[in-house]
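Engineer: sequence and computational prediction follow.
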Amino acid sequence: MISVAKSTRLSTLWVWSRIHPPDIIPAMSILDAHSMDFFSRSPEHTRRLGMRLGRALQAGDVICLQGDLGAGKTTFVQGIANGWGSQDSVSSPTFIIVNMYRRGDEARLFHMDAYRLDSTLEAEELDLDSMLAQGPLLIEWPERMNGLVPRERLWINLEHVDEEEREMKFKATGKRYDDLLEVIRRAAYGGD
């Protein structure tokens, strides 16, 4: 006769043996009410999360994307632009500095890459206020803009974990960005 403890342990082992890594979703990491960590398992996963955020964006929103080359910033922006309704294809604006994407209602979405900015003066010439008056602004390499990025924003740090997996750390500053972070939480972990 098998003891109850041994039976429970065998039952638990049987259940865990039937679960494979793609089926295991780690618990949501909430650092505080304004922060969240998330692991994207693939570029498609990163794009889908971006699409959900893109649907919620409006003129004046600032989304900062920090991370090394190849960390998934442009992949995330592709999802945002798709969810926002862009009629234009997304590419990295590294050599252009700012790409503008259009929607059928003439709205604009701005995608800036500050990697090649040489000075704060050069960044000031881009006229962020004008862009924000017309649409949302996505900034790759925002840390290179020395205090020009608005204080209220959603800051996303993307880190390369392995070939397809990325860690995404979200930090909201301001009520509007807490609301956008909640959109991301629902997209990432359900409830919507």
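Structural biologist: Okay, I see it.

Engineer: low-confidence stretches in this protein?
Structural biologist: Counting by pLDDT under 70, the ranges of the chain that qualify are 1-31, 93-94, 191-192.

Engineer: strands of that one, residue ranges please.
Structural biologist: Secondary structure of the chain (DSSP state E): strands at 35-40, 62-66, 98-102, 108-113, 137-140, 153-160, 166-173.

Engineer: any idea which of these is most buried?
Structural biologist: Most buried of the strands of the chain, by mean neighbour count (mean count of other Cβ atoms under 10 Å): strand 137-140, with a mean of 28. To be clear about C-beta, it is placed using only N, CA and C from the backbone, and glycine gets the same treatment.

Engineer: about what we covered before: and of the strands of the chain, who's closest to residue 49?
Structural biologist: strand 35-40 (6.6 Å; Cβ to Cβ).

Engineer: packing partners of that closest one?
Structural biologist: Strand 35-40 sits against helix 43-56, strand 166-173, helix 175-189, with contacts defined as 3 or more Cβ pairs under 8 Å, 6 or more residues apart in numbering; DSSP states H and E.

Engineer: for residue 150, find the nearest of the ones you listed.
Structural biologist: Closest approach to residue 150 among those (Cβ to Cβ): strand 166-173, 8.9 Å.

Engineer: reformat the strands of the chain as TSV; add distance to residue 78.
Structural biologist: Putting the strands of the chain into TSV (distance: least, Cβ to Cβ, whole Å) gives the following:
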stretch	distance to residue 78
strand 35-40	13
strand 62-66	12
strand 98-102	10
strand 108-113	10
strand 137-140	11
strand 153-160	13
strand 166-173	14
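
Engineer: out of those, flag the one nearest residue 80.
Structural biologist: Set against residue 80 and scored by Cβ to Cβ, the strands of the chain come closest in strand 137-140, at 6.4 Å.

Engineer: no further queries at this time; thank you.
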